[in-house]
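Asks: predicted model and sequence below, questions to follow.
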Amino acid sequence: MAKLELKNLNKTYTSKIVPVKDVSLTVDNDEFLTLLGPSGCGKSTVLRMIAGLEEPTRGQIKIGDVDVTYKPAGDRNIAMVFQSYALYPHMTVYENLASGLKLRKVPPTEIKQRVAEVAEVLGLAELMNRKPGQMSGGQRQRVAVGRALVRNANVYLLDEPLSNLDALLRERVRADLKQIFADQKVPVVYVTHDQTEAMTLSTKVALLNDGYVQQLDPPELIYNHPANLFVAGFVGSPQMNLLTLPCKGRYAILGNFQVPLPNIPTVPPQIVLGIRPENVRVAQPGDTQTIQGQVYLVENLGMHYLVSVRVESSQTEAIIVRALLPTDQNWSSKNITLTLPSEDIHWFDVQSGHALVRRQMLGARG
Ligand code: ADP
Ligand code: MG
């Protein structure tokens with residue numbers, strides 16, 4: 001049982017199409033890593049290079065101590081689940097699950113046993129004689145995962161396996177996947193553009209954009225300590241408020257209000273203040289750091305209202321702060337005072353986009 005290592009991977013299709021510029025990461029044998037990023041950012045390309053379906057232009061792929069960069073796909077013992085299920089329509093569930101093992105000349109008694117085990121885990125035991133056309137999307141997806149699981153592979157790769165399912169089913173199969181891989185003993189790499197899947201399933205998330213890993217961290221750190229503006233804006237729904245503000249003295253100027261800057265060596269002319277809508281509160285008596293404004297839009301999200309507030313300002317450009325507020329009040333058109341708790345504020349450099357304050361927790365991480 002061995003870890004998977006990607007070193008300085010690059011994939012150049014043409015001088016204009018370079019989806020993977022420089023990607024390095026490690027997935028240990030008890031880790032579930034998600035490659036998260038917008039459509040077209042190179043996630044599948046990375047996965048296909050790991051699987052051996054695509055040759056890297058530069059870089060190295062290792063499984064344990066073995067360099068597999070140029071090994072044929074069939075020699076890597078990697079199991080992959082595709083978005084499209086890739087089941088054989090004319091075969092029963094049993095035959096679909098067994099076919100990969102038959103090809104590998106696994107003895108029939110062992111095939112039977114492994115298929116039975118996996119069918120049990122995936123709740124497919126009752127469906128063994130059905131064909132894909134006689135099953136629901138969720139059941140088919142389970143068979144596709146089962147085809148990978150029977151393999152005893154060295155590495156599991158899953159490419160957007162839930163994206164063909166409707167929302168409810170996606171939630172159920174997502175929970176199933178979490179249980180199935182709960183005590184896995186080999187590296188798992190899961191590709192998705194869906195941040196909820198990344199947050200719920202992974203032990204580690206690699207957020208990809210522009211050919212590079214923007215941040216590689218456990219989901220909690222990705223969410224609570226985004227390393228740059230891209231991460232801050234991509235992860236979290238509703239999206240984090242990101243306000244570009246002028247600085248004056250030790251303050252950022254937010255409309256008619258002043259927000260104390262963090263401890264940074266030099267004060268730049270401008271700075272980006274980030275705060276998640278769920279961290280913005282209605283001010284209570286005694287709160288410092290409050291801003292006033294007027295509600296101009298209320299969106300009902302069921303559990304909360306997403307309230308957009310135009311902050312009081314003598315400048316012409318409107319500053320909008322969005323807050324998740326309780327549904328027991330009617331916020332429409334009201335004047336409102338909000339609190340931006342300083343411990344929930346993220347600060348970013350306008351030019352580089354980098355987070356300006358490395359939290360102690362991050363420093364202690366080694
Ligand atoms: P993702 O999985 O993140 O949505 P992909 O890895 O599939 O993205 O694709 C990344 C980029 O590389 C896209 O712009 C895509 O059009 C391009 N691409 C993928 N495969 C090829 C190919 N064989 N030839 C040229 N360009 C490709
Ligand atoms: Mg893809």
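Replies: Looks like it came in fine. Ligands and ions are numbered 1, 2, ... in the order given.

Asks: which residue does the stretch 251-366 of the chain bring closest to ligand 1?
Replies: Across the stretch 251-366 of the chain, no residue is closer to ligand 1 than G353, which sits at 20.4 Å (CB to the nearest ligand atom). C-beta: built from backbone N, CA, C; applies to glycine.

Asks: do you know the pLDDT at that residue?
Replies: At G353, the pLDDT value in this model is 97.

Asks: kindly report the same for the one 3 residues further on.
Replies: According to the prediction, L356 has pLDDT 94.

Asks: coming back round to it: the residue of the stretch 251-366 of the chain closest to ligand 1 reaches N228, doesn't it?
Replies: Yes: G353 is in contact with N228 according to CB atoms under 8 Å; the separation is 4.5 Å.

Asks: run a quick neighbour tally on the residue of the stretch 101-250 of the chain found nearest ligand 1.
Replies: Across the stretch 101-250 of the chain, no residue is closer to ligand 1 than V191, which sits at 6.4 Å (CB to the nearest ligand atom). When neighbours are defined as other CB atoms under 10 Å, V191 has 26 of them.

Asks: is it in a helix, a strand, or coil?
Replies: V191 carries the three-state label strand when classified by DSSP: H, G, I helix; E, B strand; the rest coil.

Asks: same question, the one 5 residues further on
Replies: The assignment at T196 comes out as helix when based on three-state DSSP.

Asks: residues in contact with it?
Replies: Shown in contact with T196 (CB atoms under 8 Å, 6 or more residues apart in numbering): R174, S237.

Asks: do R142 as well
Replies: Applying CB under 8 Å, 6+ apart, the residues near R142 are L122, G123, L124, V173, D176.

Asks: which helix or strand contains L33?
Replies: Per DSSP states H and E, L33 falls inside strand 32-36.

Asks: what's the single longest strand in this protein?
Replies: Longest among the strand segments of the chain by residue count, using DSSP state E, is strand 290-300.

Asks: show me the shaky parts of the chain.
Replies: Filtered on pLDDT under 70, the chain yields the residue ranges 1, 358-366.

Asks: next to ligand 1, which bits of it? Give me the list.
Replies: Y13, I17, P19, G37, S39, G40, C41, G42, K43, S44, T45 (CB under 6 Å from any ligand atom).

Asks: which of the residues you listed sit farthest apart?
Replies: Taking every pair in these and measuring CB to CB, the maximum separation is 17.5 Å, between Y13 and G37.

Asks: neighbour-wise, which of the two wins?
Replies: The neighbour comparison of Y13 against G37 (other CB under 10 Å) goes to G37, with 25 against 12.

Asks: show me what contacts the more buried one?
Replies: Under the criterion of CB under 8 Å, 6+ apart, the neighbours of G37 are K43, H193, L207, L208, N209, F234.

Asks: could you give the number of residues near the third one?
Replies: So that's L207. 26.

Asks: same question for the one 4 residues further on.
Replies: Applying other CB under 10 Å, we find 18 residues neighbouring G211.

Asks: over to V272?
Replies: 19.

Asks: tell me the secondary structure of it, please.
Replies: Classified using three-state DSSP, V272 is strand.

Asks: helices of the stretch 51-200 of the chain, start to end?
Replies: 93-103, 108-121, 137-149, 167-180, 195-201 (DSSP state H, counting those that start in this stretch).

Asks: and those, which is most packed in?
Replies: helix 137-149 (a mean of 22; mean count of other CB atoms under 10 Å).

Asks: list the contacts of M80.
Replies: L47, A51, A148, Y156, L157, L158, D159.

Asks: check contacts around the third one.
Replies: Under the criterion of CB under 8 Å, 6+ apart, the contact list for A148 reads A79, M80, V81, Y156, L158.

Asks: from those, which would you call buried?
Replies: A79, M80, V81, Y156, L158 (16 or more other CB atoms under 10 Å).

Asks: farthest-separated two in the residues you listed?
Replies: A79 and L158 (9.2 Å).

Asks: number of residues surrounding the residue of the stretch 251-366 of the chain closest to ligand 1?
Replies: 16.

Asks: off-centre distance for stretch 295-303?
Replies: How far stretch 295-303 lies from its chain's middle: 26 Å, per CA atoms, centre = their mean, to the nearest Å.

Asks: please save the CA atoms from that stretch in CSV.
Replies: What follows is stretch 295-303, C-alpha atoms only, in CSV (Å, rounded to 0.1, in the frame of the first residue of the first chain):
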residue,chain,number,x,y,z
VAL,A,295,-31.6,46.7,2.6
TYR,A,296,-32.3,46.7,-1.1
LEU,A,297,-32.7,43.0,-1.9
VAL,A,298,-33.9,40.0,0.2
GLU,A,299,-33.6,36.5,-1.2
ASN,A,300,-35.3,33.6,0.6
LEU,A,301,-32.9,30.6,0.9
GLY,A,302,-35.3,28.7,3.1
MET,A,303,-33.2,28.4,6.2
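
Asks: what lies in contact with that stretch?
Replies: Outside stretch 295-303, the residues that reach it (CB under 8 Å, 6+ apart) are 238, 305-310, 324, 327, 331-336.
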